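Chemist: kindly generate the corresponding structure for this input.
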Amino acid sequence: MKNTLIIAKREITRLRSRFKGRSRLIILLVIAFAFIISYLVSQQGFVLSRDFYVLGVSPNSPIPSDERFNVTSLDDATGRSMLHEGNIDIYLGDNTAEYRSDERSQYAAGALKQYLEKRELIRISNEYDIDEAFPLRIELNYLRAPEGNLDTGTGVSLWDIIESTETTTGSATSPVPSTTTSTVVMQQLDRFKDDGGLPEFKAEFGSDKEIIVPSLMNPPIPLAQVIIAFLYVVPIFFISIFFTSSFMEEKINRKLNVLLSTPVTPFEIIIGKMLPYIGYSIISIIGITLLLKGNILLALAIFFPIMLFILSIYLMVALLYRTFKDQTFFSLLAVTVVTMYLVYPSMFSGVSDLSSISPLSLAVQMYKGEVFSLSEYFLATTPMYLVFAVSMFVGVRIFNEEYLMGFRPLHSKLGEAIYLAIDRKRLYISMFVLALLLIPVVFMVQLASMVVAFNLPMPFALAALLVISVIVEEVAKSAGIAVLLQNGVVKSFRSVVGLSFMAALGFFAGEKFLLYIALSVISETMFTTAVFSTGLLALPLVAHFVFTSIVCLMTARFGMKYYPIAILAGSVIHALYNLYVVGVIP
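Modeler: Model (predicted):
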């Protein structure tokens, strides 16, 4: 521990030396600009669809004041002609609105309809008394269920919940005085008049009681909450870049070799260099949460695994590559992939339970005032904790001068990393552990694939999901054995079959563990059945063993240059098996 703290202190000193003079000012300006842009977007300060549609209006027609329309005054003949030629999206005559059958013109008509509905609501509110204009109000009460199970006949009924709530808090459905509801409606109406079409953002937790008017409500799209949740991730990315660049600098200057010559373990070096950046990330999480008046402990629980996940990816980038050019390219690639994995599912928060794979969905729920279960938390964060553990294990095993300073292609570096991670005195146990360790990576790829496939037509969705899933699985199970074959450690077909069984067993054990967590949150669908063979016990283990044996035996027979073909063959058989499980193949 003492060595770790010494290395961490040294890393802090090195980092401070990089923030001198103009560089400090530039970095602060970049951070300030990023926060200002994010804040303006979250507050709807930018109208992204300004002048998006071209609207032609007749001389006697009222002119819409919506910023989405670029309005042009035209006579009837010219307006209809330009509409037919596609020069304008919609033509508003004296009493009619004309549009084409193509998608753009249809969307323009929909935007105009939304505008007219909004103006009509504003007119009604101005001409009639508030209690007459908006007679329908809904009072939402969030009831806390007592101990019991609603699904069983001997458990607690919904009526019991309502009665218990009425006993503790008064009437759960008691009407709110008219003056109170009128004030609430007026407040919603004021927001509605100034609304730019985006959902309202509130960085606060919801109350137990809320009054809403359906005609004044926005669609439940958590865009603003997703933007604010991503605000937490931006400084973590920024800090991680400094971490990997510092690592690369010391590796190129051979200062890591000096550290390796001292009585310090690779684990102490990695943790010592990473510890300051973990501290800076935690400070940024706490600072943003205080600014948004959120729950600090809950925010740390959500964003701490994200921080570890991002740092683990940047650690592997620093260890695998030798030049700043390669490091920059793959760092940007990592930013893109991780951002897609975090942000894209969270956009469907409240719409699809597949959104639960991203921890940002938990942050969206937190700032919408909603609660999430432990199962949802574990589904979103467990793979990230495990990926961090895997990267630390591999990082320690490959932390030697020969590997760090070697120039080789990416596939060669990955193969060597796997070879160094294997305990060659305990090959069977190593294959079991290696397949088990690679499960989180495979699981994250499969879940992300499901989110993407969920938005495609069914035949294409199922095909894309099967192709990605089976290839990733077969590579994960067979990579260790292929590396041993390449290095001449394993030579007999009997050993290949035995190692294939251990790899299949480790993969099966890890898959079922994470599947148990996933199915407690994600509904069982054709997608989950196709990927995970849900509901089956021994058969998937036998199938994994067969597929892995095919890949590895083909590689042992024909050589490593045919390994991609062996993967393809095993994947085809695996995909046919999955289609049989789903019921596509009788």
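Chemist: quick one: Gly294 from Leu362, how far?
Modeler: When distance is defined by Cβ to Cβ, to the nearest Å, Gly294 is 12 Å away from Leu362. In this view, the C-beta of every residue, glycine as well, is placed from N, C-alpha and C.
Chemist: I meant to write Ile288 there.
Modeler: Counting by Cβ to Cβ, the separation of Ile288 from Leu362 is 15 Å.
Chemist: looking only at neighbour counts, state which of these two leads.
Modeler: Leu362 (26 against 20; other Cβ atoms under 10 Å).
Chemist: doesn't that one fall inside a helix?
Modeler: Yes. With DSSP: H, G, I helix; E, B strand; the rest coil as the criterion, Leu362 is part of a helix.
Chemist: spatially nearest residue to it, not counting backbone neighbours?
Modeler: Ile302 (4.9 Å; Cβ to Cβ, 6 or more residues apart in numbering).
Chemist: what strand or helix carries that neighbour?
Modeler: Element membership for Ile302 (DSSP states H and E) is helix 296-320.
Chemist: all helices of the stretch 51-200 of the chain, in order?
Modeler: For the stretch 51-200 of the chain, the helices defined by DSSP state H, counting those that start in this stretch occupy 76-85, 103-127, 130-133, 158-169, 178-194.
Chemist: what's the least confident stretch among these?
Modeler: Lowest mean pLDDT of the helices of the stretch 51-200 of the chain: helix 158-169, a mean of 51.
Chemist: hmm, back to that, what's the helix holding Ile302 packed up against?
Modeler: With contacts taken as 3 or more Cβ pairs under 8 Å, 6 or more residues apart in numbering; DSSP states H and E, helix 296-320 sits against helix 223-252, helix 266-292, helix 324-346, helix 359-367, helix 374-397, helix 410-421.
Chemist: I'd say Pro276 and Ala8 touch.
Modeler: Yes. Using Cβ atoms under 8 Å, Pro276 is in contact with Ala8, at 5.4 Å.
Chemist: out of those two, which sits in the busier spot?
Modeler: Set Pro276 next to Ala8 and count neighbours by other Cβ under 10 Å: Pro276 wins out with 23 against 20.
Chemist: residues in contact with that one?
Modeler: 8, 11-12, 15 (Cβ atoms under 8 Å, 6 or more residues apart in numbering).
Chemist: now do Asp423
Modeler: Counted by Cβ under 8 Å, 6+ apart, Asp423 has contacts 429-430.
Chemist: what helix or strand does it sit in?
Modeler: Here Asp423 is assigned to no helix or strand, by DSSP H and E.
Chemist: list phi and psi for it.
Modeler: Taking degrees, to the nearest 10, you get phi -90, psi 100 for the backbone angles of Asp423.
Chemist: how much space between it and Arg397?
Modeler: Distance of Asp423 to Arg397, computed by Cβ to Cβ: 9 Å.
Chemist: cool, Ala334 as well?
Modeler: Distance of Ala334 to Arg397, given as Cβ to Cβ: 21 Å.
Chemist: if I look at Leu386, how far off is Val441?
Modeler: 9 Å.
Chemist: between the two, which is the more surrounded one?
Modeler: Higher neighbour count among Leu386 and Val441: Leu386, with 24 against 16, using other Cβ under 10 Å.
Chemist: wait, the more buried one sits on Val442?
Modeler: No. Using Cβ under 8 Å, Leu386 is not in contact with Val442; the gap is 11.0 Å.
Chemist: rewinding a little: so who does the residue nearest to Leu362 touch?
Modeler: Residues in contact with Ile302, defined by Cβ under 8 Å, 6+ apart, are 359, 362-363, 366, 377, 381.
Chemist: cutoff 6 Å now
Modeler: 359, 362-363 (Cβ atoms under 6 Å, 6 or more residues apart in numbering).
Chemist: got a pLDDT number for it?
Modeler: Note on Ile302: pLDDT of 89.
Chemist: for Thr265, same thing?
Modeler: Per-residue pLDDT puts Thr265 at 85.
Chemist: kindly report the same for Met274.
Modeler: Listed pLDDT for Met274 reads 88.
Chemist: same deal with Ile565?
Modeler: At Ile565, the model reports a pLDDT of 92.
Chemist: and if you look at the one 3 residues further on?
Modeler: With respect to pLDDT, Leu568 scores 90.
Chemist: and it, how far is that from Met316?
Modeler: According to Cβ to Cβ, Leu568 stands 26 Å off from Met316.
Chemist: try Glu474
Modeler: Here the criterion is Cβ to Cβ. By it, Glu474 lies 22 Å from Met316.
Chemist: one more: Ile130?
Modeler: For Ile130, the distance to Met316 equals 60 Å [Cβ to Cβ].
Chemist: which one's more surrounded, those two?
Modeler: Using other Cβ under 10 Å, the more surrounded residue of Ile130 and Met316 is Met316, with 21 against 16.
Chemist: contact partners for that one?
Modeler: Ser391.
Chemist: what does Ile296 give?
Modeler: Counting by Cβ under 6 Å, 6+ apart, Ile296 touches 286, 289.
Chemist: just the pLDDT for it.
Modeler: What the model reports for Ile296 is a pLDDT of 88.
Chemist: cool, and Ile278?
Modeler: For Ile278, pLDDT reads 91.
Chemist: count the neighbours of it for me.
Modeler: Number of residues near Ile278 (other Cβ under 10 Å) recorded here: 17.
Chemist: cool, the one 4 residues further on as well?
Modeler: Around Ile282 sit 15 other residues, with neighbours defined as other Cβ under 10 Å.
Chemist: what's the per-residue pLDDT of it here?
Modeler: Ile282 carries a pLDDT value of 92.
Chemist: that one and Phe237, how far apart?
Modeler: Taking Cβ to Cβ, one finds Ile282 at 15 Å from Phe237.
Chemist: how about Leu436?
Modeler: 29 Å.
Chemist: who's more crowded, those two?
Modeler: Between Leu436 and Phe237, counting by other Cβ under 10 Å, Leu436 is the more crowded of the two (20 against 17).
Chemist: leaving out chain neighbours, which residue sits closest to His84?
Modeler: Closest to His84 by Cβ to Cβ, 6+ apart is Arg100, at 7.6 Å.
Chemist: kindly report the same for Phe513.
Modeler: Phe513's closest residue in space is Ile439 (Cβ to Cβ, 6+ apart), at 7.9 Å.
Chemist: and for the one you found, the neighbour number?
Modeler: Residues near Ile439, counting by other Cβ under 10 Å: 25.
Chemist: cool, Tyr277 as well?
Modeler: Tyr277 has 25 neighbours, counted by other Cβ under 10 Å.
Chemist: and the closest residue in space to it that isn't next to it in sequence, how many residues sit next to it?
Modeler: Counting by Cβ to Cβ, 6+ apart, Tyr277 lies nearest to Phe243, which is 4.4 Å off, once chain neighbours are set aside. Other residues lying near Phe243 total 24 when counted by other Cβ under 10 Å.
Chemist: next one: Lys2
Modeler: Counted with other Cβ under 10 Å, Lys2 comes out at 7.
Chemist: on that earlier part again, quick check: phi and psi on the residue nearest to Phe513?
Modeler: Note on Ile439: backbone dihedrals following degrees, to the nearest 10 are phi -60, psi -50.
Chemist: and it, how far from Val472?
Modeler: Applying Cβ to Cβ, the value for Ile439 to Val472 is 11 Å.
Chemist: cool, Asn487 as well?
Modeler: Distance from Asn487 to Val472, counting by Cβ to Cβ: 23 Å.
Chemist: which one's more surrounded, these two?
Modeler: Val472 (19 against 14).
Chemist: any idea which helix or strand carries that one?
Modeler: Judged by DSSP H and E, Val472 forms part of helix 458-486.
Chemist: what angle do helix 410-421 and that helix make with each other?
Modeler: For helix 458-486 against helix 410-421, the angle by axes from the mean of the first three to the mean of the last three Cα atoms, to 10 degrees is 60 degrees.
Chemist: packing partners of the following helix or strand past helix 458-486?
Modeler: Sequence order places helix 493-519 as the next helix or strand after helix 458-486, per DSSP H and E. On a contact count with 3 or more Cβ pairs under 6 Å, 6 or more residues apart in numbering; DSSP states H and E, helix 493-519 meets helix 374-397, helix 427-453, helix 458-486, helix 538-558.
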